[in-house]
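1. Would you be able to build a 3D model of this:
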Amino acid sequence: MRIHSTKLTVCLIILFAVLLSGPKAFAQVQEIPQLEEIVSYITGDTTSTGVQNHTIYGLQRGGTYFSLGQISSNFPLTIVDVGDESLARPQIIVLIDDTGNSSQPFKPFKNLTLKGISFSGMNSAGSIMSQLIQTGTTNIKVTFNNCEFDSVRSTVIKVDQNYCSVFMTDCIVHNVFGGNFTGRFIDGRSTLMDSVVVVNSTFYNIQHAVINKFGGWERYVKFDHNTFYNIARSTLKIVECPEVVITNNLFLQTGIVGYENLWKLFYEAPAYANSDRDNWVRVELLPMADSTKKYFGMDQKMNFTRNNFWIDPAIDAALPDTMYGYMNLDFDYEKEMVGADTLTWISEDVNFTKVPECRGAAMSLEARSSGSGSPHVNPGYDYTNPPYDFSYSTTSASYTAAEGGFPLGDLNWFPSKKTEWENYTDVEENEYAGIPSTFSLEQNYPNPFNPTTVIKYSVPEASNVQLKIYNILGKEVASLVNSNQVAGQYSVSFNAQNMASGVYFYTISAGKYTSTKKMMLIK
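-> Okay, the predicted model is just below:
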């Protein structure tokens, strides 16, 4: 049998590339022995000149590892699970030092990726830690895939630096509480966050909120196919955000402690029209201010379809006379933003296969004024007889209520449906497609134009952006953009009504990137 020489050459090239790339790719993952203390191992893995030997580390499934001190990585750090996938995720246990104190394991100064890792906030002395991860600088990305977070008192990840992003898929977060207004997965406070994308993850036994914001903004927020269960207060606190996607989720037994009437009177005062309302709403949304719209160059877009909001009526019935049940949305402007999307919501108890008992009625009865206007809440969460199974009956309306006829909530509880959904969506990482990888300046459209045209450009990182128009003599005739902008894709409309016909040039300057293109005005 003869093989065409060109085809043979191609086959040999491909085979040679595979042989070269395979060992090299494998060698990039540095496996850490079980029972090792990972902080000193990773920080000590450098050359004699201080250069990092590896940036990707593997932890053996079924293994136990320890953390003493903090990894303040100034390089992109990735920690992944390796080995037999039938075994449990490798677990990291935080140790106490000689003074009896413990440190949060991670404070990244470059991108951090964690895959297939299990964390417990309970340190080796049996104390619950306040948080596990804290951003070290601006404009970094933290990615979680197939991780588990358990027993954290305040916050799993504190995002206290601007322009950072959190991407999360296929994770479980539970038992995050420590008192009245604490217990969160993401605490962004008043920061200017870039993107928050959470897909196919399960959250239960959370005291305050899955994401906590009461100032600043996010550029893009997406919560799709997640299961939220047994959350005492607000589930999602989203502030000023130009693009929000909240789709195909289960919100069951959330906002179970109620709110006091004095909060309603306080927050409905005109001076607090756009203020923090997580005390009494399950999903907090705020309209974009004019200055925010100008900053992003776009109006607010929202997709809030195909969700299930349900709470046991007995919980609201158990509230004291001074308390009121949580609402899904609070004010008319929120309902106006969401619009007819609420028509696709349903409300049903799906009767999960096996989950912790919801003690919402007892918690509601214990919600009482502490004298400062804030009710005291005893967490009282059940966590007996794990593991749990958040699958539910195929006869439930929720089983086919998601887009494409898929089940609502975290699809990891329906493995065959998850596989179908992955083929249906054809998305590997479910990250925001609008985050560009490079700077770019597109040709204006239409071109030629009269008198308006649109200029689009991409910024992959926070930069000072200047977009200017020049005539054929090189004289500046218009300045369209001159401000700091976060990573994203932008479009700007240019109106040349008062300008003469002819050739013009538009130039972008962003960081070290510059580009110029030609356009023609014909009247």
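
2. Do a quick rundown of the strands in the stretch 251-400 of the chain.
-> For the stretch 251-400 of the chain, the strands defined by DSSP state E, counting those that start in this stretch cover 259-260, 283-286, 301-303, 308-310, 323-324, 368-369, 375-376.

3. Direction included, what does the first one pair against?
-> Partner strands for strand 259-260, per DSSP bridges, with pairing direction: strand 323-324 (antiparallel).

4. circling back to that earlier point, of the strands of the stretch 251-400 of the chain, flag the one that's most buried.
-> Mean neighbour count (mean count of other C-beta atoms under 10 Å) peaks for strand 283-286 among these, with a mean of 25. Heads up, the C-betas are built off the backbone N, CA and C, glycines and all.

5. How is the protein divided into domains?
-> For the chain, automatic domain parsing gives the domain ranges 202-431, 440-521.

6. Distance of residue 160 relative to residue 192?
-> Distance, residue 160 to residue 192, using C-beta to C-beta, to the nearest Å: 11 Å.

7. Comparing those two, which residue is more hemmed in?
-> For residue 160 versus residue 192, the count of surrounding residues by other C-beta atoms under 10 Å is larger for residue 192: 20 against 14.

8. Would you mind measuring from the residue nearest to that one when sequence neighbours are not counted to residue 219?
-> Spatial nearest neighbour of residue 192, excluding adjacent residues (C-beta to C-beta, 6 or more residues apart in numbering): residue 162 at 4.3 Å. Note on residue 162: its distance to residue 219, by C-beta to C-beta, is 11 Å.

9. After the helix or strand of the chain with the lowest mean pLDDT, which helix or strand is next? Please name it.
-> Sorting the helices and strands of the chain by mean pLDDT, DSSP states H and E puts helix 5-27 at the bottom, at a mean of 39. Sequence-wise, the next helix or strand downstream of helix 5-27 (DSSP states H and E) is strand 29-32.

10. Neighbouring strands - and their directions - for that next one?
-> strand 56-60 (parallel).

11. where along the stretch 351-500 of the chain do the helices fall?
-> 360-366, 415-425 (DSSP state H, counting those that start in this stretch).

12. and the shortest one, what other elements does it pack with?
-> Contact analysis of helix 360-366 by 3 or more C-beta pairs under 8 Å, 6 or more residues apart in numbering; DSSP states H and E lists helix 313-317 as its packing neighbours.

13. Outside of the helix it packs on itself, list whatever touches it.
-> Here helix 313-317 makes contact (C-beta atoms under 8 Å, 6 or more residues apart in numbering) with 253, 256, 258, 325, 358, 360, 361, 364.

14. Just give me the neighbour total for the spatially closest residue to the second one that is not a sequence neighbour.
-> With C-beta to C-beta, 6+ apart as the measure, residue 360 is the residue that lies nearest to residue 256, at 3.5 Å, once sequence neighbours are left out. Using other C-beta under 10 Å, residue 360 has 25 other residues around it.

15. Do I have it right that residue 360 meets residue 311?
-> Yes. In this structure, residue 360 is within contact of residue 311 by C-beta atoms under 8 Å, at 7.4 Å.

16. Please identify every residue contacting each of those two.
-> Contacts common to residue 360 and residue 311, judged by C-beta under 8 Å, 6+ apart, are 253, 256.
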